[in-house]
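# how would this look folded up:
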Amino acid sequence: MKERLSKTEQDRQFHFGYRLAFEDGVKRRNWNNIFALWYSAASNGHKRAQFYVGVCYDHGQGVKKDIKQAFTWFMKAAKQGHRESQGNIGFFFKEGEVVRQDFKKAVKWYTLAARQGETESQRDLGYCYFYGEGVKQDWKKAVAWYRKAARKKDAKALYNLGLCYKHGHGVRKSARWAKLFFQRAIELGHKGAEKELT
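A predicted model of the protein is given here:
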């Protein structure tokens with residue numbers, strides 16, 4: 001029978017694992033110890049620990065890589081309102097990885113995460129609206145979501161906005177605005193935007 005941890009102890013284990021993973025100056029991380037700390041907290045309901053256990057399973061850090069287990073742990077955290085986990089669940093449904101592809105469920109999870117300000121979900125929700133995947137196609141809503149992500153310097157969202165302005169999808173066609181968004185995307189490392197300026 002597993003030991004129930006208090007909220008205080010869950011937080012302590014999560015934060016200790018977090019420091020070992022991200023804040024400690026050590027070059028070689030002991031992912032087995034980090035995973036054990038997060039797993040203990042996650043098993044007791046700590047949503048951020050559940051997310052990081054999912055990440056460990058997704059990347060095989062401290063545990064054998066297992067995408068199904070990653071999905072399971074992301075779902076636990078997503079149901080508790082963890083926005084990055086909600087975005088990850090949206091991705092699983094959009095790609096049909098581990099679960100059957102379901103664009104409507106992808107949109108549901110992206111929307112939950114995007115409304116909480118999760119940048120990648122805002123961009124991906126814009127993509128769903130642009131192509132009508134899981135929702136009725138609506139270029140104006142796509143542009144609105146791309147803008148939210150672009151404000152946070154998301155290179156892909158900036159590139160997508162550039163394309164919208166270049167072709168007049170959801171906005172008035174404008175070569176000047178298209179160029180501006182492509183240049184910002186390039187500054188942030190988006191390689192595909194370079195060809196739009198030639």
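# residues contacting Q86?
78, 109-110, 112-113, 116, 118, 121 (CB atoms under 8 Å, 6 or more residues apart in numbering). C-betas here are computed from N, CA, C, even on glycine.
# Please, which helix or strand holds the residue lying closest to it once chain neighbours are set aside?
Distances taken as CB to CB, 6 or more residues apart in numbering put A113 closest to Q86, at 3.8 Å, once the chain neighbours are dropped. Of the helices and strands defined by DSSP states H and E, A113 is found in helix 103-115.
# which parts of that helix are buried?
103, 105-114 (16 or more other CB atoms under 10 Å).
# residues making contact with that helix?
78, 81, 83-84, 86-87, 89-91, 93-94, 99, 121-122, 124-125, 128, 133-135, 145, 148.
# Any chance of a ChimeraX selection covering the buried ones in these?
The ChimeraX command for the buried members of those (criterion: 16+ other CB under 10 Å) is given here:
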select :78,83,84,86,87,89,90,91,93,94,121,122,124,125,128,133,134,135,145,148
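# Out of the contacts of helix 103-115, list just those in helices.
78, 83-84, 86-87, 89-91, 93-94, 121-122, 124-125, 128, 145, 148 (DSSP state H).
# thinking again about what came up before, of the contacts of Q86, closest to G17?
A78 (20.0 Å; CB to CB).
# Y146: what's it in contact with?
122-123, 126, 157, 160-161, 164.
# Could you single out the nearest of those residues to L180?
When the contacts of Y146 are ranked by distance to L180 (CB to CB), L161 comes first, at 9.1 Å.
# quick one, what contacts the closest residue to the closest one other than its chain neighbours?
Excluding the flanking residues, the one nearest L161 by CB to CB, 6+ apart is F181, at 4.4 Å. Residues in contact with F181 (CB under 8 Å, 6+ apart) are 150, 158-159, 161-162, 165.
# Let's see that with 6 Å instead.
158, 161-162 (CB atoms under 6 Å, 6 or more residues apart in numbering).
# so can I have JSON lines of those showing distance to E23 and secondary structure?
What follows is the contacts of F181, written out as JSON lines (distance: CB to CB, whole Å; DSSP: H, G, I helix; E, B strand; the rest coil):
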{"residue": "L158", "distance to E23": "30", "secondary structure": "helix"}
{"residue": "L161", "distance to E23": "35", "secondary structure": "helix"}
{"residue": "G162", "distance to E23": "37", "secondary structure": "helix"}
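# Quick check: of these, which has the highest neighbour count?
Among the contacts of F181, the one with the most neighbours (other CB atoms under 10 Å) is L161, at 29 neighbours.
# Could you check how far that one is from E196?
12 Å (CB to CB, to the nearest Å).
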